[in-house]
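> Curious how this folds, go ahead:
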Amino acid sequence: MSNHIQPTTTLHNGVKMPWLGLGVFKVEDGEEVVQSIKTALEVGYRSIDTAAIYGNEEGVGKAIAEANVPREELFITTKVWNANHGYEATLTAFDESMEKLGLDYLDLYLIHWPLPSKGKFAETWKALEKLYKDGRVRAIGVSNFKVTHLEEIIEDCEVVPMVNQVEYHPRFNQRELHDFCKKHGIQLEAWSPLMQGELLNEPALMEIAKEYSKSTAQIIIRWDIQTGVVTIPKSVKPHRIAENADVFDFEISQENMDKINALNKDQRMFADPDEFDRV
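Reported below is the predicted structural model:
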């Protein structure tokens, strides 16, 4: 087993979170998600990121139950979906997710989207605070929250979010948001770090990859980590899962980091959180 993907960041409440995890968005429930997670755990991953809306929490739970890895070594994340915003609805949704996952406690629970049109994310956050205080979750956070949404939470909360998981890649490096999160001790986490594969043929990244004898994906993942951003690339292919993890044996020079930073175009691939209101 690799020991190269164990490095962790420490959240503001002292909980250690792996810098690298496996995302399972659009991974089919059942055999596909079970095998993907088992492969990842064998390679050395310890962080798995799912969500209620992904429809694969049961498969994630099955993989965890069948894996020969102590529960305390794992870092499992799931998220409350938009239809369940609100205090009581969130508590109920959490119980449903935990039943599917088959877990006694969760490592990280996130509000999946702020859904400002419904105006309930602050109330939803109160439910996460209760789950945290009751010891059912080791850390709580948000996903897809912009600075304005975070400001509203922080102004009214007892517990500042530990994590904000957002779209983040070289063409959308969210500098202002990242600076805000650093200021408030919120760990930024990247979903879709490879821009769903769109960046793999980016000439500047390919050139840097060649210099380090690494893949373009490995360069992007390493850039995330060196920028202080947790990352959860998704793959169902065993060789890709292993390759994505092999990023802790080199360091990108500042010159090359600057070249990657220069690729930013403030280009979202997915919805603006202010406008996304699917339930």
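
> got the phi/psi numbers for the most far-flung residue of the chain relative to its centre?
Distance from the centre of the chain peaks at Glu211, with 28.4 Å (CA atoms, centre = their mean). With angles defined as degrees, to the nearest 10, Glu211 sits at phi -60, psi -40.

> Give me the nearest residue to it, chain neighbours excluded.
Closest residue in space to Glu211, ignoring its immediate chain neighbours: Asn256 at 7.3 Å, by CB to CB, 6 or more residues apart in numbering. Every C-beta, even on glycine, is put in place using the N, C-alpha and C of the backbone.

> Let's see the pLDDT reported for the one you found.
Looking at Asn256, its pLDDT reads 98.

> Spit out the contact partners of Lys62.
34, 102 (CB atoms under 8 Å, 6 or more residues apart in numbering).

> again, only this time at 7 Å
Val34 (CB atoms under 7 Å, 6 or more residues apart in numbering).

> what helix or strand is it on?
Assigned by DSSP states H and E, Lys62 belongs to helix 57-66.

> Name the next helix or strand downstream of that helix, please.
strand 75-80.

> and the angle for the very next helix or strand once past that next one with helix 57-66?
Using DSSP H and E, the helix or strand that follows strand 75-80 in sequence is helix 87-101. Between helix 87-101 and helix 57-66, the angle comes out at 50 degrees (axes from the mean of the first three to the mean of the last three CA atoms, to 10 degrees).

> Could you tell me how far helix 87-101 lies from the centre of the chain?
Remark: helix 87-101 is offset 19 Å from the chain centroid, using CA atoms, centre = their mean, to the nearest Å.

> if we can go back for a sec, next, the buried residues of whichever strand or helix holds the residue nearest to Glu211.
Here Asn256 is covered by helix 254-261, with elements defined by DSSP H and E. Residues of helix 254-261 classed as buried by neighbour count (16 or more other CB atoms under 10 Å): 256-257, 259-260.

> In the sheet, which residues pair with the closest residue in space to Met195 that isn't next to it in sequence? Tell me.
In this structure, Met195 finds its nearest non-sequential neighbour in His169, 4.6 Å apart by CB to CB, 6+ apart. Beta-bridge partners for His169, by DSSP bridges, are Phe172.

> still on that earlier bit, tell me the one of the buried residues of helix 254-261 nearest Phe270?
Nearest to Phe270 among those: Ile260, at 20.6 Å, using CB to CB.

> Spit out the contact partners of that closest one.
170, 205, 223.

> if we can go back for a sec, quick check: angle from the helix holding Lys62 to strand 75-80?
160 degrees.
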